[in-house]
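K.L.:
have a look at this fold, sequence not included:
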């Protein structure tokens, strides 16, 4: 079966199950009919996250491969578009960008998942490695993860760093923002949001307290 690469993304197995994949012996399988039911597209993901597809013509029971060619015919184009549409939907709903893999970032995400549930939502096509997490009760954002140059935070460095934007009370902002480890909210309201670098410069316990506070503020 042909191998599909979702460049820049990694499969999240829990999301595969929610999408409709069935797991058997460590293999996740999903099928869908395309082209008015003439073809069955099977998608298989192995335990290592490798993705395979197979497109079967129901009339002949043979594998169809013309959608992999450069043919510009209308019929082949229709099949190719529907094939890609299914895969793109799987990618958008079952994968996450290969970002947020730094140890400090993973620790914060693990804390959030354990304490509050929810998951990263990648909302911006032009910023594929930026994501928000919502308060599970009110659906309001309380955390925004993204990558920026340290220079944009006032450092004399072009190093890219993952940052976390969090809610804060207006009256608490002046005593929390120090311009060294905690900054006014980047790309957010600077009176009610703060930015924390997730590069190890801020103790995790402190970040967890700020996350807790942001989650509570998003209840209102």
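P.N.:
That came through, no problem. For clarity, every value in this text was computed on a predicted model and none was experimentally measured.
K.L.:
buried residues in stretch 194-206?
P.N.:
194, 195, 196, 197, 198, 199, 202 (16 or more other C-beta atoms under 10 Å). From N, CA and C alone the C-beta is placed, and that goes for glycine too.
K.L.:
and these as a markdown table, adding pLDDT and distance to residue 68?
P.N.:
Putting the buried residues of stretch 194-206 into a markdown table (pLDDT from 0 to 100; distance: C-beta to C-beta, whole Å) gives the following:
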| residue | pLDDT | distance to residue 68 |
| --- | --- | --- |
| 194 | 95 | 49 |
| 195 | 96 | 45 |
| 196 | 96 | 46 |
| 197 | 94 | 44 |
| 198 | 94 | 40 |
| 199 | 91 | 42 |
| 202 | 93 | 48 |
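K.L.:
out of those residues, which one sits closest to residue 121?
P.N.:
Using C-beta to C-beta, residue 198 comes nearest to residue 121 of the buried residues of stretch 194-206, at 17.9 Å.
K.L.:
nearest residue to the middle of the chain?
P.N.:
The centroid of the chain falls nearest to residue 96 when counting by C-alpha atoms, centre = their mean (3.5 Å).
K.L.:
what residues are up against that residue?
P.N.:
For residue 96, the contact set (C-beta atoms under 8 Å, 6 or more residues apart in numbering) comprises 9, 10, 12, 120, 122, 131.
K.L.:
coming back round to it: take the buried residues of stretch 194-206 and keep only those in strands.
P.N.:
Counting by DSSP state E, the buried residues of stretch 194-206 place 194, 195, 196, 197 in strands.
K.L.:
farthest pair in the contacts of residue 96?
P.N.:
Within these, two members stand farthest from each other by C-beta to C-beta: 10 and 131, at 13.5 Å.
K.L.:
give me the element residue 112 is part of.
P.N.:
Under the criterion of DSSP states H and E, residue 112 resides in helix 103-116.
K.L.:
what helices or strands is the very next helix or strand once past that helix leaning on?
P.N.:
Moving toward the C-terminus from helix 103-116, the next helix or strand (DSSP H and E) is strand 131-134. Counting contacts by 3 or more C-beta pairs under 8 Å, 6 or more residues apart in numbering; DSSP states H and E, strand 131-134 packs against strand 141-149.
K.L.:
buried residues, the strand it packs on. List them.
P.N.:
Applying 16+ other C-beta under 10 Å to strand 141-149 flags 141, 142, 143, 144, 145, 146, 148 as buried.
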